[in-house]
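Novice: quick one: sequence plus predicted model below, questions after.
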Amino acid sequence: MKLKKYILLLFVITLSSFSVHKYYLSLTQIKYNEEGKSVQVIINVFMDDIETALNKDNNIDLQLTTKKELKNNDIYFENYLKDKLHFKINNNAKNFNYIGKEYEGDLVFFYLEIEDVNAVSSIEISNKILMKHFPEQQNLIKSKVGKKNKSVLLEKDNYTEILTY
């Protein structure tokens with residue numbers, strides 16, 4: 001399993017090493033933490049793509065990773081994610097907590113958590129991240145609940161999927 005994660009991470013990093021990329025791909029990793037009774041979510045997107053989307057949607061200039069970067073940019077990130085990303089756990093709509101973000105190379109990693117989840121038999125995910133501004137955008141979803149792994153690739157015309165465990 002770890003080998004698969006490293007290969008995927010190497011693939012994403014390789015894609016991100018190009019200053020102008022022609023691939024529009026995000027990765028959303030979902031893991032159920034049985035001990036903490038929560039669903040943990042990590043999303044990584046290309047920095048220039050998310051910056052373009054937020055700048056256009058909010059008429060701002062984020063200037064990520066520069067000295068002029070907006071100090072309150074987490075507000076824009078959180079609002080964007082809450083608009084474009086929705087979860088249902090066991091057929092019940094669930095809100096997530098925005099924990100924060102990290103920059104790594106050309107990527108932004110977002111950390112989210114859904115609390116008070118006693119068990120998971122299904123996760124419905126609707127992911128429209130970056131699809132408005134980049135019609136070729138694909139959002140890869142990888143999930144792990146217990147020992148079961150599920151993956152799905154979402155696109156503009158198919159942005160919702162139910163994963164059952």
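Specialist: Noted; the coordinates are in hand. Residues are numbered from 1 along each chain as shown.
Novice: can you pull out the strands in the chain?
Specialist: Ranges of strands in the chain, per DSSP state E, are 25-33, 38-46, 85-89, 92-94, 97-104, 107-114, 122-127, 138-145, 148-155, 160-164.
Novice: helices and strands around the third one, which ones?
Specialist: So that's strand 85-89. With contacts taken as 3 or more C-beta pairs under 8 Å, 6 or more residues apart in numbering; DSSP states H and E, strand 85-89 sits against strand 38-46, strand 92-94, strand 107-114, strand 122-127. Yep, even glycine has a C-beta here, placed from its N, CA and C like the rest.
Novice: out of these, which is closest to residue 133?
Specialist: Shortest distance between residue 133 and the helices and strands packed on strand 85-89, using C-beta to C-beta, is found for strand 38-46: 11.7 Å.
Novice: pull up the pairing partners for the closest one, direction included.
Specialist: Here strand 38-46 is paired, per DSSP bridges, with strand 25-33 (antiparallel), strand 107-114 (antiparallel).
Novice: can you say which of these is nearest to residue 69?
Specialist: Among these, the nearest to residue 69 by C-beta to C-beta is strand 107-114 (11.9 Å).
Novice: now do the contacts for the most centrally placed residue in the chain.
Specialist: Geometric centre of the chain, nearest residue: residue 43, 2.8 Å, by C-alpha atoms, centre = their mean. With contact set as C-beta atoms under 8 Å, 6 or more residues apart in numbering, residue 43 has these partners: 26-29, 81, 85, 109-110, 112, 129.
Novice: beta-bridge partners for it, please?
Specialist: Under DSSP bridges, the beta-bridge partners of residue 43 are residue 28, residue 110.
Novice: ok, residue 60 to residue 52 distance?
Specialist: Distance of residue 60 to residue 52, computed by C-beta to C-beta, to the nearest Å: 11 Å.
Novice: list the contacts of the residue nearest to residue 136 when sequence neighbours are not counted.
Specialist: Distances taken as C-beta to C-beta, 6 or more residues apart in numbering place residue 24 nearest to residue 136, at 4.8 Å, with adjacent residues excluded. Neighbouring residues of residue 24 by C-beta under 8 Å, 6+ apart: 46, 49, 130, 134, 136-138.
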